[in-house]
Structures are given as structure tokens and as C-alpha cells.
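Novice: Show me the folded form of this:
(one chain, ligands or ions: 3)
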Amino acid sequence: MMDKVDGVIFRALDRFKIELPSWGFANTGTRFGKFLQPAAAISIEDKFSDAAQVHALTGACSTLALHVQWDLPRGLGDVTLVEQLAEQHGVQPGSINPNVFQDQEYKYGSLGNPDPAIRKRALDHILECVAIANTMKCRDISPWFADGSNYPGTQSIRKRIVWFEEALKEVHRHLNPKQRLLIEYKPFEPAFYHTDVADWGMALLFARAAGPQALVLVDTGHHYQTQNIEQIVAWLLHHEMMGGFHFNDRRYADDDLTLGSIDPYQIFRIFHEIRSHEWHSGGPADIAYMVDQSHNLKGKIEAMIQTVSTAQELYAKAALVDHERLASMQQSCSLVEAEECLRGAFWTDVRPALREWRHSHGLPEDPLQAFKESGYLERITAERRERNAAIVTTYA
Ligand code: RM4
Ligand code: MN
Ligand code: MN
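Specialist: Numbering: from 1, shown residues only. Ligands and ions are numbered 1, 2, ... in the order given. Alright, predicted model coming up:
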């Protein structure tokens with residue numbers, strides 16, 4: 001017989017879906033170089049295949065975020081291939097990420113570049129991404145802008161605001177009625193003096209300027225050290241501007257570490273704010289949960305399985321909060337009782353229930369172990385070793 005707690009956890013997990021990033025399976029590194037892994041994904045075929053493994057073992061990742069320049073280098077010309085791969089692997093294309101930060105032209109910015117020709121080039125790329133998303137029936141277009149400057153006085157912050165507003169409005173005009181434009185912010189890196197979309201306030205105002213289908217994307221690694229991320233989430237939910245997440249963990253900056261590896265309580269508190277909002281509003285919040293991580297040292301598929309399992313654990317813990325009781329404790333300012341109500345949910349061991357949930361869905365109870373035993377890693381290592389060895393990477 002399933003007890004009440006298990007029932008709550010099962011219902012929460014049935015709903016919980018998290019999107020994987022294609023780039024999380026590929027060789028990535030730091031600005032000093034990449035450590036190549038023999039099993040890393042090189043092609044879009046590899047990425048779909050790896051994502052399908054994670055989905056098969058966790059049951060929670062039916063979509064794959066794509067970075068257009070890396071995954072569809074021929075743009076619309078690659079849509080048929082992606083659709084075939086989606087069909088073959090049972091994982092659908094998810095959010096579509098433009099890339100307006102890598103090409104030489106973007107040295108001084110993309111939509112914020114003083115040169116109108118470069119602004120147009122960036123806009124055209126984003127519009128192609130909208131068209132790609134439209135053809136593949138993907139809902140979210142998710143641009144991240146590296147735009148900014150490195151030294152005071154070198155750029156007009158105000159002019160760039162206007163250029164961004166104009167371009168984002170234009171992108172919004174091309175959305176179909178179901179699509180959403182998710183605006184991601186980041187305080188610094190690669191720019192070290194000013195970043196054009198530096199925080200949630202700027203992202204929110206740009207989204208408002210763009211139009212009603214534009215919302216904010218919160219990447220958990222894109223905040224200063226002591227910022228209260230769950231409060232930002234609560235504000236965005238209150239204003240119906242919370243579009244999605246890029247989940248990862250960090251110790252210092254945008255470290256893109258495995259979710260919950262440094263501060264699991266942080267992710268729990270975010271999930272709690274969302275569930276609390278849902279409890280108060282009486283309906284589910286329409287939020288895209290996505291992973292944005294880069295595993296330089298860990299095996300990529302293993303790290304991704306760890307991430308998804310941790311996300312499920314933390315989401316299940318958040319589902320255990322007794323909102324009615326918490327609201328009453330808050331109302332009477334019963335501080336210790338209220339805090340204990342939250343902490344009690346966080347410290348509950350949900351892993352036995354998670355194993356039962358997996359079992360009841362025909363999933364392996366221990367996905368990491370099942371992955372080890374599957375032989376998949378050995379197979380792809382053999383298949384990809386030579387291709388990976390041929391890649392040359394240097395810092396200078
Ligand atoms: C950025 C940001 C974007 C991601 C790139 C690769 O820091 O998080 O979401 O697409 O990295
Ligand atoms: Mn991100
Ligand atoms: Mn990032």
C-alpha cells in the first residue's frame with residue numbers, strides 16, 4: 001500500500017520533466033583549454049543518442065535543448081536530420097538556442113553592436129532560429145547575449161538598450177502564437193565591465209518591451225555570490241514573467257557544475273517557491289526546467305544522470321512541504337516552527353520513494369548503476385575515441 005508521502009512524491013515526479021542540453025554531452029572546457037574525453041559526443045547524432053540514454057534511465061528528459069550553430073550548422077537545412085534523429089531516439093528537440101556570441105563579427109556585441117550591419121546579422125540569425133523552432137514545433141527560443149564592454153566609457157550603455165529593445169520587438173513579431181522568447185541574463189563574462197542583459201531586472205524590462213510572449217530565463221549560475229535566487233523566482237512568478245530555468249550549480253562564478261553538488265538547499269528553496277506559488281494560485285506554473293551544465297572532468301552521461309536524479313530528489317522534497325501548516329506558522333510568526341516545517345521536508349530521505357517510483361514506471365531503481373552495467377559507455381568510447389583524438393584545442 002502506498003502511503004500518503006509516497007503518493008505526494010509519485011504525483012510530483014510524474015509531472016516533473018527536465019530538458020537536457022545537447023552541449024552538455026560534447027567536449028567543453030575552460031578558457032584555458034579542453035580536456036577531451038574519448039566518449040564525448042561529437043555529432044548531433046551522438047548527442048541525441050546520449051540524451052536518449054539519460055531519458056531511458058531516468059524517465060524525465062523527453063526533450064533536448066539545441067544550440068543552432070553547434071547542432072544545426074546549416075540552419076533550416078538541418079531540420080530534417082534533427083527530426084529524423086528525434087524520431088529514431090524518442091527524444092524531441094526542445095528549446096532553440098541562437099548563437100550570437102561566437103563568430104568574429106560579434107567581438108563588440110550582437111544586438112548591442114554599434115554597427116547596424118552586425119546587429120542585423122545577429123537579428124537574422126535569431127529570426128532563423130524562430131523559423132527553425134516553428135518548423136520543428138519547438139515552443140521556446142532562448143537567446144543568451146554575451147554583449148557588453150570591458151572598460152568604462154568605451155560603449156554607450158543607453159544606446160545599446162535601445163538597439164536591444166528594437167531587435168527583441170522584431171523577434172517577438174515573428175513568433176507564432178504558441179512560441180515564447182526566453183530572455184536570459186548574466187552579470188559578467190565574457191564582458192567584464194558592463195553586460196547588456198546583466199540581471200533579472202534588465203531581462204524583465206527587455207521581455208516587457210519585446211511583447212507578451214517574452215519571459216525571463218533564470219540560469220542559477222548567473223548571479224552574484226549572495227543573491228537570493230528564490231526571491232527573484234518568487235517575484236517573476238508573481239508577475240507571471242517566469243519562463244524557464246537553466247539549472248546548474250556553482251561555487252564562484254558561472255561554473256556550470258552538477259546541479260545540487262555545492263548547495264542542494266538552494267535548488268530545494270527554488271522548487272519550494274514554485275510549489276508554494278502553485279499552491280496559492282491553485283494551478284501549475286508553466287515553467288521550462290532545463291539543465292545548462294558543462295562537465296569538463298566528469299563523464300558526461302554519468303554527470304547528466306546524477307543531475308536528473310538530484311533534480312528529482314530535490315523536487316520530491318519540495319513536494320513534501322505542508323503548505324497549509326507553513327502558511328499558518330508564517331501568519332502567526334512562529335519562526336522556528338515555520339523554518340522547521342521547511343527544513344523537515346528538505347531533510348526527508350526521499351530516495352526510497354524515488355526508487356519505488358522508478359520501479360513502478362519500469363525504470364531502473366539505480367540509474368547510475370544501470371548505466372554502468374549497460375555497456376553503452378564502452379561502446380561509444382570505442383566508436384568515438386579516434387574522432388575525439390583528432391580534435392585540436394589550445395588556449396593561445
Ligand atoms: C552561457 C549561458 C547560455 C549558454 C552558453 C553556452 O553562459 O549560460 O545559456 O548557452 O553559456
Ligand atoms: Mn544558461
Ligand atoms: Mn552560463
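
Novice: Within range of ligand 1, give me the residues from the stretch 201-350 of the chain.
Specialist: The stretch 201-350 of the chain comes close to ligand 1 at residues Asp219, His246, Asp254, Asp292, as judged by C-beta under 6 Å from any ligand atom. Where C-beta positions appear, they are placed from N, C-alpha and C, glycine not excepted.

Novice: Tell me the most packed of those residues, by neighbour count.
Specialist: Each of these was scored for neighbours by other C-beta atoms under 10 Å, and His246 scores highest at 28 neighbours.

Novice: Does at least one residue of the helix or strand that residue falls within sit close to ligand 2?
Specialist: When secondary structure is defined by DSSP states H and E, His246 falls within strand 242-247. Yes - Strand 242-247 comes into contact with ligand 2 when judged by C-beta under 5 Å from the ion, the residues involved being His246.

Novice: So the residue nearest in space to the middle of the chain versus Ile274, what's the distance?
Specialist: Per C-alpha atoms, centre = their mean, the C-alpha nearest to the average position across the chain is that of His246, at 2.5 Å. Remark: distance between His246 and Ile274 (C-beta to C-beta, to the nearest Å) = 15 Å.

Novice: Quick one: the strands in this protein, in order.
Specialist: Along the chain, the segments classed as strands by DSSP state E run 20-21, 29-30, 33-34, 63-67, 92-97, 140-141, 148-149, 180-184, 194-195, 214-219, 242-247, 288-291.

Novice: With mean pLDDT added, can I get those in a markdown table?
Specialist: A markdown table is the format used below for the strands of the chain (pLDDT from 0 to 100):
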| stretch | mean pLDDT |
| --- | --- |
| strand 20-21 | 98 |
| strand 29-30 | 86 |
| strand 33-34 | 86 |
| strand 63-67 | 98 |
| strand 92-97 | 98 |
| strand 140-141 | 98 |
| strand 148-149 | 98 |
| strand 180-184 | 99 |
| strand 194-195 | 98 |
| strand 214-219 | 99 |
| strand 242-247 | 98 |
| strand 288-291 | 98 |
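
Novice: Near ligand 2, which residues of this structure? Just list them.
Specialist: Residues of the chain lying near ligand 2 by C-beta under 5 Å from the ion: Asp219, His246, Asp292.

Novice: What residues are bridge-paired with the first one?
Specialist: For Asp219, the beta-bridge assignment (DSSP bridges) gives partners His246.

Novice: Report the contact partners of it.
Specialist: Trp144, Glu184, Tyr185, Lys186, Phe245, His246, Asn248, Asp254, Asp292 (C-beta atoms under 8 Å, 6 or more residues apart in numbering).

Novice: let's see 7 Å
Specialist: Remark: with contacts taken as C-beta atoms under 7 Å, 6 or more residues apart in numbering, Asp219 is in contact with Glu184, Lys186, His246, Asp292.

Novice: What of Asn248?
Specialist: Taking C-beta under 7 Å, 6+ apart, one finds Thr220, Gly221, Asp256, Leu257, Leu259, Val291, Asp292, Gln293 in contact with Asn248.

Novice: Isn't the fifth one up against Ile267?
Specialist: Yes - contact status for Leu259 versus Ile267: in contact at 6.2 Å, counting by C-beta atoms under 7 Å.

Novice: Need the residues touching each of these two.
Specialist: Between them, Leu259 and Ile267 share these contacting residues under C-beta under 7 Å, 6+ apart: Phe247.

Novice: What's the local residue count around the residue of the chain found nearest ligand 1?
Specialist: When C-beta to the nearest ligand atom is the measure, the chain has its nearest residue to ligand 1 at Trp144, with 3.7 Å between them. If you count neighbours by other C-beta under 10 Å, Trp144 ends up with 22.

Novice: In contact with it, which residues?
Specialist: Residues in contact with Trp144 (C-beta under 7 Å, 6+ apart) are Glu184, Lys186.

Novice: Same check on Cys138?
Specialist: For Cys138, the contacting residues are Pro93, Gly94, Ser95, Ile96, taking C-beta under 7 Å, 6+ apart as the criterion.

Novice: next one: phi and psi at Phe192?
Specialist: The phi and psi torsions at Phe192 (degrees, to the nearest 10) take the values phi -120, psi 0.

Novice: measure it to Gly109 for me?
Specialist: When C-beta to C-beta is the yardstick, Phe192 and Gly109 sit 14 Å from each other.

Novice: Mind checking which of those two has more residues around it?
Specialist: The neighbour count for Phe192 versus Gly109, taken as other C-beta under 10 Å, is higher for Gly109 (26 against 11).
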